[in-house]
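# Kindly return the folded structure for what I paste below:
(3 chains)
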Amino acid sequence: MSEAVTPLNGARFEGLATIEDAGLTGMITLRGNLASKEMKAAVKKAVGLGVPAQRQVLSGQGSAVLWMSPDELLLICARDGVAETIATLEEALKGQHFLAHDVSDARTYLHVSGAGAREALAKLCPVDLSPQAFTPGMVRRTRMAQVPAAFWLDDRGVFHLICFRSVADYAFGVLRDAALPGGEVGVYG
Amino acid sequence: MSTRLATGGRLLDRSRALEFTFNGKRLRGHPGDTLASALLANDQMLVGRSFKYHRPRGIVASGAEEPNALVGLGEGARFEPNQRATTTELFDGLTCTSQNHWPSLETDIGAVNTHLARFLPAGFYYKMFIHPRPFWKHVYEPFIRQSAGLGRATNPGDPDRYEHFHFFCDVAVIGGGVAGLQAALTAAEAGAKVLLMEQTAHWGGRAPVDGGDIDGQPVAGWIAATLAKLQDMPHVTLRLRCMGAGVYDHGYLLGYERVADHTPGTDAPRHRLWRIRAGQIITATGAIERPLSFAGNDIPGVMLASAVRDYAVDFGVSVGDRTVVVTNNDDAYRTAITLKKLGLEIPVILDARQSGGGALADEARSMGIRVENGKGIAKVKGGKRVTAVAICAQAGEGALLEEIKCDVVAMSGGWSPVVHLWSHCGGKLIWDEAHAHFRPDPANPPKGASGEGFVIPAGAANGADDLASVVADAHGAGQAAVKAMGHKPKGKAPEASTLPEAPMQPVWLMPQGAKTALRMKAWLDYQNDVKVSDVQLAAREGYESVEHAKRYTTLGMATDQGKLSNINGLAILSDALGQPIPQTGTTTFRPPYTPISLAAIAGGARGPVFQPVRKTPMHSWHEAHGADFEPVGQWRRPYCFARGEEGRHEAVAREIRQTRESVGLLDASTLGKIIVKGPDAGRFLDMLYTGMMSTLRPGKCRYGLMCNENGFLMDDGVVVRLDEETFLCHTTTGGAESVHGHMEDWLQCEWWDWKVYTANVTEQYAQIAVAGPNARKLLQKLSNDDLTADALPFMGWLEAGIAGIPARVHRISFTGELSFELAVPASRGRALWDALLEAGEEFGVMPYGTEAMHVMRAEKGFIMIGDETDGTVIPQDLGLNWAISKKKADYIGKRAQEREHMADPNRWKLVGLETLDGEVLPDGAYATAPGRNANGQRKTQGRVTSTYHSPTLGRGIAMGLVHRGPDRMGEVLDFPKLDGGIVKARIVDPVFYDKDGEKQNV
Amino acid sequence: MLILTCPCCGVTGEETEFHQGGEAHLKRFGPGSTDDDFHTYMFAKENPKGAHFERWRHNNGCGKWFIMARDTLTLEVYGTYPAQTHEPPKHIRDAITAKRPGWTWRAFA
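Next comes the predicted model:
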């Protein structure tokens, strides 16, 4: 009766790109002094990864750390591990000035993959999505059509995209439209 | 007559036929045709009527500059008015209709205007329709609207889709002619990422028509070879049917790609708007031939010399059997030579230059063509088609020397570089005396973010006048662009050759001494019916500025934006003013270069994704249960949940009764939730709110008011202290993002040494208000935790499991009832909602919407941001002094509230309003005061800010701001209604219900 | 449409990612200040034809505020720097001087 659900409930669309609900995922906003050794140690302990450089993502098995701003990271982990990860962070950062908060449910998390993924995103975001300009490991916070969004690219060529939960239908809708058959621009492969 | 030649047409695929209709007539063309060439191949020279005089008009040009051949294209939902036949690719099944005539193209009643032309000069409408004044609204305007406009828009929704595309490159080259190809190649060979876009469906521009050699091979071969090289380069993007529409600040360029105009019904988007950021933009946009101004130059059959040549070479179309060529330059001889070679008749070439032409003229003479130097056209004869020209001496006043029968006049007044895109973002022009045209001033390019120029003109667009200089100039432009982008220029310009040309000679009026009768028939702007005499009249009447003359005469204001008429018009204006052309200057070039579809600008923003709609985790339940949604910011919130035949009013009353008598649920997920954490969090919130937040104890909640620095109320909400270092600030539904931004603003820009972090966690939580006397009973059914008044007193909070879901339970109330607000992770909000509905069945539980919430808060006298506040109201106006700390030295807005006029006792202040007869006051109604103000309006002394029918009290209740209101309890005020009646209302306390707060404190 | 470079996250993005926030380098006047000082702080803003200092927030991005020195006439960007800066850095003032010798803006020159 109290099953947790994502706002898109597993939605999926296959067109020039495949747009799919990435499912329940743990996400933690972590703010603090990213340069401090305590922060580095805490992140390492919590998700086993380092603190990424500006606008970069470090990925592990089912986990990732994203650089969001000069004093903000987004930690990605298993959904059922969020409470424990936050507890680990709080323990490791005791005495430090920081903020760690569960934002797993505040986000819509999508995967955009396939040959048309770059072009689909380039129809919606004012970002250079050419393979030369946007490479795996980069994080870009920007505007997707009329909503804020962030995305990064993994080594398999899959784009991971997050935006606010309330606009899940909108985000899925604009991505689906951008990936409709017949809309190939033909500039990125 | 115009017809298809037996052979030729380099763009045609003669092996296939396409069928199309024009005004219902079934006609045939070939793949490769434009609609214009196909019409001409079918002898359809007459294509429309002019705007003002309804004169018959034919095709004049072969490209984007065409002023006359505007048609209504397509049918039903795909119908589109004002489409240029010259830039419309023919496809099978195309249907089009001509415009601006009634009852038919051939017989048009409006053509009577042409006989009234002498009574309809420039400024006629301004002078005629100004008196008597009342006539404008009811007589003149409806009449003018009826007769104005070209094509008519349609109603049905557009079935096609449209999209945007963001693209980034080092160098964007606009125009795929020889100059564009060369500039792109030069830039690409140096390693730059290049985008080359061409507005037509073919590369090479008009060079294949004009001929010449590059690198020792005919130009067509060079084009193919260069294109092949570019296609092989991975860092080069080539786009056909993609027009450079506009150049904007900092290298922003709009490309308008007509993806599927020529293939309707496929699954491709129809248009794609390219939003390009280019380091450097090269405008290889070519040049446009100018008409000559002689009497009758608008009669169908009078065309640009280059267009006549294009139709012959590109489309195998002869626009007539006997073509008189009239020119002031050598280029037009190419038309005569081309036509003659095709076996067509050239009775005479009239060269206005006394000294005549150069090598091309010699070639024409050697082919046996008669050439007359120093001669021009006095007048063209004909109605719906040219029949003859009257020849005169260019130097004279138009005395007839000879009349020559012909069905086409091919005219050339010289060439104007297409400087539009150079000029859009501030590029300046210089007057080139030798070519009598404006061209880009290399010293004054549009400047970008770095302060350096970012647009480089190339080829004919830069004033280059022969193939060799075009190619050399384009290579130079490519080099300059890559240099500006930090690449090392490479290579050298190819060698090119054409026949040398004799200098052109400006001819602004033909003959130069033409009398009024001739000038009144010498058209400058075909689409807007502006003649030489109109511009001269404007000058006489004092419209000396070119911008004023443009608006007075409407020269250049039609959909073609004066591509053919501008230079001729301002030459006439300069002459009338007795000043050189550069002193007159040009009007402003504004994007887009040619009209682009509104749908392309909108892109994908239509239908369900017109704008973001924010939905709560319970949205789908609301949808399934009769929610009547209202927009609150981008959120959709249920206004009420109507059942069966119930109207809104009944539904709201039912929801209120249920909540006041038993228990109701409100989806409050939209309320903003911001975490504020750090050692300085309390201190920070003391600055942010008018009240004291640092003294709030963990486990407690406090209502807070937030003002801007100008003192005015901007937001309110409950602040929750989660622990010693952490607060949770609730904001209004619309306020989450702006309040979070406000917090970050002060933290980053003013108190950056304070140790505070914020996080907007609005959407992490679903929030449900459970309100009513049975609220606790309902929750206790679902929870083993202690929710009694002792464990959870009013304005307290605790963590509890509700239906097995971890929840933060706040004892706060916006209804005045016993009320709990539950916050749970959003992913489980729907589960909690369902559980509450199920468990509450025995209490008759039901959700209530925003309207019930509004009525209940108004019954309690609680203010609502946006109702009681409008950006000019301070908390003191609303009697909220209790929420303003007297102990604090400072908070945002405090200094502003100390200003004399803010502390003035004469301000309008919040009171309750009770109508004497129980009716509901109109929303926003003003209370009148004795006397009238300086404008003769009745004085006011207050206004209604919230007004509802209270089902609880069975009468209208309202709140309002009234002059010295709280001091005037019991007074009765008059509130006029829109229908003229008056509602009388008594000033009362704003708390109408449960004044002592006994209901919420149980 | 402008291009801005956020000094906080290094992104160079178009204007739609950013939000303009009025004049930069304001000194706040709170309780105890004179009416004149408060009024000037609140309402009397610079409106130069030339170099100007503005606050911008990278709101569709890293969320940080920063300051941009921009020429209101030519739209040339002289530079951006973090909001936690009391006066324009020297290299930006020099860049302005190179284009607009003798410029002044409130107390800066």
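
# Does the residue in the stretch 351-500 of chain B positioned nearest to chain C lie in a helix or a strand, and which?
Nearest residue of the stretch 351-500 of chain B to chain C: B:Gly451, at 3.9 Å (CB to the nearest CB). C-beta here means a position set from N, CA and C on the backbone, and glycine is covered the same way. Following DSSP states H and E, one finds B:Gly451 outside all helices and strands.

# Just give me the neighbour total for it.
15 (other CB atoms under 10 Å in any protein chain shown).

# Surely it touches C:Thr74?
Yes - the pair B:Gly451 / C:Thr74 is scored as a contact, 6.5 Å apart, by CB atoms under 8 Å.

# okay, and the common contacts of the two?
Contact criterion CB atoms under 8 Å, 6 or more residues apart in numbering or on different chains; residues shared by B:Gly451 and C:Thr74: C:Lys99.

# who's in contact with the residue of the stretch 351-500 of chain B closest to chain C?
Residues in contact with B:Gly451 (CB under 8 Å, 6+ apart) are C:Asp71, C:Thr74, C:Glu76, C:Lys99.

# how does chain A divide up, domain by domain?
A:12-23+A:106-178, A:26-105 (automatic domain parsing).

# now, of the ones you listed, which is deepest in the fold?
Comparing the domains of chain A on average neighbours per residue, with mean count of other CB atoms under 10 Å in any protein chain shown, the densest one is domain A:12-23+A:106-178 at a mean of 21.

# Could you see whether chain C lies near that one?
Yes - against chain C, domain A:12-23+A:106-178 shows contacts by CB under 8 Å from any CB of the partner chain at A:Pro126, A:Val127, A:Arg140, A:Arg141, A:Thr142, A:Arg143, A:Pro148.

# and those as a markdown table, adding pLDDT and distance to B:Ala903?
Listed next are the residues of domain A:12-23+A:106-178 next to chain C as a markdown table, based on pLDDT from 0 to 100; distance: CB to CB, whole Å:
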| residue | pLDDT | distance to B:Ala903 |
| --- | --- | --- |
| A:Pro126 | 98 | 48 |
| A:Val127 | 98 | 51 |
| A:Arg140 | 98 | 50 |
| A:Arg141 | 98 | 45 |
| A:Thr142 | 98 | 46 |
| A:Arg143 | 97 | 44 |
| A:Pro148 | 97 | 41 |
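
# Just the ones of these in helices?
With DSSP state H as the criterion, helices contain none of these.

# out of those, which touch chain B?
Among the residues of domain A:12-23+A:106-178 next to chain C, chain B is touched by A:Pro126, A:Val127 when using CB under 8 Å from any CB.

# show me what contacts B:Ala464?
Neighbours of B:Ala464 in contact, by CB under 8 Å, 6+ apart: B:Ala179, B:Val470, B:Ala472, B:Asp473.

# cutoff 6 Å now
When contacts are counted by CB atoms under 6 Å, 6 or more residues apart in numbering or on different chains, B:Ala464 touches B:Val470, B:Asp473.

# ditto for the one 3 residues further on
In this structure, B:Leu467 makes contact with B:Gly212, B:Ala496, B:Thr498, judged by CB under 6 Å, 6+ apart.

# The residue of the stretch 351-500 of chain B closest to chain C and B:Thr516, how far apart?
Distance, B:Gly451 to B:Thr516, using CB to CB, to the nearest Å: 52 Å.

# Now do whichever residue of chain A sits closest to chain C, the pLDDT please.
Proximity to chain C, evaluated over chain A using CB to the nearest CB, is greatest for A:Ser69 at 3.8 Å. For A:Ser69, the pLDDT comes out at 98.

# Identify, from the contacts of B:Leu467, the entry nearest to B:Ala183.
B:Ala496 (14.1 Å; CB to CB).

# Report the secondary structure state of B:Arg334.
Following DSSP: H, G, I helix; E, B strand; the rest coil, we place B:Arg334 in the helix state.

# Report the contact partners of it.
Contacts of B:Arg334 by CB under 6 Å, 6+ apart: none found.

# Point out the residues in chain A that sit beside chain B.
Counting by CB under 6 Å from any CB of the partner chain, the positions of chain A adjacent to chain B are A:2, A:4-5, A:29, A:31, A:97, A:99, A:101, A:103, A:105-106, A:122-123, A:126, A:128, A:146-147, A:164-167, A:170, A:173-174, A:177, A:181-183, A:185, A:187.

# Any regions of chain B where pLDDT drops low?
Scanning chain B for pLDDT under 70 picks out the ranges B:102-103, B:110-112, B:114-119, B:125, B:143-150.

# Count residues in the vicinity of whichever residue of chain A sits closest to chain B, would you?
Closest approach between chain A and chain B, counting by CB to the nearest CB: A:Gly182, at 3.2 Å. Residues lying near A:Gly182 (other CB under 10 Å) number 13.

# How about B:Lys700?
B:Lys700: 15 neighbours (other CB under 10 Å).

# quick one: contacts for it?
B:Arg721, B:Gly796.

# 10 Å instead, please
B:Val719, B:Val720, B:Arg721, B:Pro793, B:Met795, B:Gly796, B:Trp797, B:Arg811 (CB atoms under 10 Å, 6 or more residues apart in numbering or on different chains).
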